[in-house]
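[1] this is a predicted model, with the sequence first.
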Amino acid sequence: MTQKLDKLQAALESVLGERIRLFKRERGEISITVAAADYYEVAQTLRDHPEFQFEQLIDLCGIDMSTYKDQAWDGMRYCAVSHLLSVSKNWRLRLKVFAPLDDLPVVASVTPLWSSANWFEREAFDMVGLIFEGHNDLRRILTDYGFIGHPMRKDFPTIGHVEMTYDEATRRVVYQPVTIEPRENTPRVIREDNYGGLH
């Protein structure tokens, strides 16, 4: 395993060079972070270069880093993380890219390179609000078309903004402001010495 990772690391450093902004090798895995301007070109190199041959994108997700590890995050807020697999070389790679603007998080779409990215990018758009430039059908995939906001953002309210119910009188779905009152659950603390019949 170590020799395989050594070979992949050497190939990444040789072919990609300065385009790798951050390189991490932990727990038998390699992660690289690239700039948004280099993202598509690097992804294409990882797919097509004979040293890599990452034929498959097996996952892509969006992350809101604003409270990463329950701490304030110093850096760009939104990140797209792709997991690549080379069947030919029998190795994996994690590819990360941060959207340069927090107000309008945009990165390139890799759907033209791996068709499996299509629904993954739609999910990242729907849940986190990442915009994938060049995606030919970027619309919501899990929430309703009229949904407001992106539920996996750290600042999205836990109870949401609206609730959806079925109105029998009008025989249709109705949206209304949330009627659930937020509450705090306090665990019951038992302080009796002989609780449970133990003496």
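    Sure, I can see it. Numbering: from 1, shown residues only.

[2] now the strands for this protein?
    Counting by DSSP state E, one finds strands in the chain at the ranges 20-26, 29-34, 56-64, 78-86, 91-98, 106-108, 131-133, 162-167, 172-177.

[3] would you tell me which of those strands gets closest to W119?
    With Cβ to Cβ as the measure, strand 56-64 is the member of the strands of the chain nearest W119 (9.2 Å). Placement of C-beta: from N, CA and C, glycine included.

[4] just the mean pLDDT for the closest one, thanks.
    Averaged across strand 56-64, the pLDDT comes to 96.

[5] and if you look at stretch 120-131?
    The average pLDDT within stretch 120-131 is 96.

[6] check the offset of it from the chain's centre.
    Relative to its chain's centre, stretch 120-131 lies at 8 Å (Cα atoms, centre = their mean, to the nearest Å).

[7] what does that stretch contact?
    Outside stretch 120-131, the residues that touch it by Cβ atoms under 8 Å, 6 or more residues apart in numbering are 57, 59-64, 78, 80, 99, 104-107, 109-111, 132, 135, 137-143, 150-153.

[8] so P112 touches H135, yeah?
    No: counting by Cβ atoms under 8 Å, H135 is not a contact partner of P112; they are 9.2 Å apart.

[9] next, format the strands of the chain as a markdown table and append distance to E13 and mean neighbour count.
    Formatted as a markdown table, these follow (distance: least, Cβ to Cβ, whole Å; neighbours: other Cβ atoms under 10 Å):
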| stretch | distance to E13 | mean neighbour count |
| --- | --- | --- |
| strand 20-26 | 7 | 12 |
| strand 29-34 | 10 | 18 |
| strand 56-64 | 22 | 19 |
| strand 78-86 | 17 | 21 |
| strand 91-98 | 13 | 20 |
| strand 106-108 | 23 | 19 |
| strand 131-133 | 28 | 18 |
| strand 162-167 | 50 | 11 |
| strand 172-177 | 52 | 10 |
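
[10] contacts only, for V97.
    T33, V34, A35, A36, Y39, C79, A80, V107.

[11] the same query, at a cut-off of 10 Å, please.
    21, 32-40, 42-43, 76, 78-82, 107-108, 110, 130 (Cβ atoms under 10 Å, 6 or more residues apart in numbering).

[12] so how far is F98 from the closest residue to it other than its chain neighbours?
    Closest residue in space to V97, ignoring its immediate chain neighbours: Y39 at 4.3 Å, by Cβ to Cβ, 6 or more residues apart in numbering. Going from Y39 to F98 by Cβ to Cβ, to the nearest Å gives 9 Å.

[13] which neighbours do these two have in common?
    Counting by Cβ under 10 Å, 6+ apart, the residues touching both Y39 and F98 are T33, A80, V107.

[14] the helices in the protein, which residues?
    Using DSSP state H, the helices found in the chain span residues 2-15, 39-48, 117-128.

[15] off-centre distance for stretch 142-156?
    Relative to its parent chain, stretch 142-156 has a centroid offset of 14 Å by Cα atoms, centre = their mean.

[16] report the buried residues of that stretch.
    Residues of stretch 142-156 classed as buried by neighbour count (16 or more other Cβ atoms under 10 Å): F147, H150, P151, M152, F156.
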